[in-house]
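>>> build me a model:
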Amino acid sequence: MKKIFFVIIVLSIILTGCLIRQDTTQRDVFLKGKVKNTQEKSVLILQFAGPSYDSRIGKRAAEIFHQEMLKTNKFGKVALNNDYNWLVKFKDEETSIKAALKYAREKGFSLLFLGWIEKAVYGRLTDTEVIIKVRLIDTKTLKTLWYERDRKITKPKDRSYPLETKLSTPLPPLEETIRFIARKQISSMFADKKVKSFFKLWEKRDK
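Reported below is the predicted structural model:
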C-alpha cells in the first residue's frame with residue numbers, strides 16, 4: 001500500500017508540473033543587414049495584417065508599434081498610416097509587400113515597417129497568446145534589414161490566489177501583451193554590435 005501511495009504522490013507532482021506553465025516567449029530572429037545613419041531615415045508603419053475574426057487588432061498593433069518606435073527617438077521620422085490596406089491589393093503576400101514598398105517610396109519614406117498578427121487568442125478563462133511577425137525593409141534596395149517573429153503566452157491565473165478564485169482573476173489585457181512584444185522587437189532592432197555580429201555569422205553559415 002505504501003508503494004502505491006508513493007507512486008500516486010509522484011504522479012500527482014508530475015502532472016501538476018505539466019499543468020502549471022510559466023509565461024513563455026519564443027523568438028525567431030533573422031538579420032540581413034543593419035540600418036545606418038538612423039536619424040537620416042524615415043519610417044512608414046502600415047496597419048498590421050490581423051486575424052479575420054477581429055480586424056481591429058491589426059490597426060491597434062500598428063498604433064502600439066508606432067508609439068513605441070517614437071519613444072526610441074532613433075529615426076528622423078516615424079509615421080503611421082492605418083488607412084492604407086496593403087493586404088487587399090493582391091492575392092499573394094509578396095506582391096502585396098511590393099505594392100506597399102512602392103507606396104512608401106512614392107511617399108518619400110526610406111524604410112517600410114510591416115507587421116502580421118499571426119495569432120491572437122484571448123479571453124477570461126484562457127491564456128492570452130499572441131504571435132507577431134515584423135519586417136523592416138529598405139524601400140530603395142528592397143532589402144529586408146530586420147525580421148523577427150515572437151510568440152508570447154500569458155497565463156490568466158495568479159497562483160497567489162486561493163484555488164477556488166483562480167478562474168475569476170483578471171486576464172492581462174491583449175494590448176499589454178502586444179506592447180510587450182513591440183518593445184522587445186523594436187529594442188532588438190537596435191541591439192548592440194555583438195548581437196548583430198552573431199546574427200551575421202549565423203546568416204553566413206546558412207549560405
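
>>> low-confidence ranges in this structure?
Scanning the chain with the threshold set as pLDDT under 70 gives 1-34, 89-91, 123-125, 156-172, 192-207.

>>> so for R179, what's the nearest residue that isn't a sequence neighbour?
For R179, the nearest residue in space outside its immediate sequence neighbours is I64; the separation is 5.2 Å by Cβ to Cβ, 6 or more residues apart in numbering. Where C-beta positions appear, they are placed from N, C-alpha and C, glycine not excepted.

>>> do the same with V35
Leaving out its chain neighbours, the residue that sits closest to V35 by Cβ to Cβ, 6+ apart is L145, at 5.5 Å.

>>> buried set for the helix or strand hosting the one you found?
Using DSSP states H and E, L145 falls within strand 144-154. Buried positions in strand 144-154, judged by neighbour count with 16 or more other Cβ atoms under 10 Å: 144-146, 148-154.

>>> over to stretch 126-137?
By neighbour count with 16+ other Cβ under 10 Å, stretch 126-137 contains the buried residues 127-137.

>>> who touches the helix or strand harbouring K71?
Under DSSP H and E, the secondary-structure element containing K71 is helix 56-72. With contacts defined as Cβ atoms under 8 Å, 6 or more residues apart in numbering, helix 56-72 is touched by 43, 45-51, 75, 78-80, 82, 113, 115, 117, 120, 132, 134, 174-175, 178-179, 182-183, 185-186, 190.

>>> filter the residues you listed to the buried ones?
In these, burial by neighbour count holds for 43, 45-50, 75, 78-80, 113, 115, 117, 120, 132, 134, 174-175, 178-179, 182-183, 185-186, counting by 16+ other Cβ under 10 Å.
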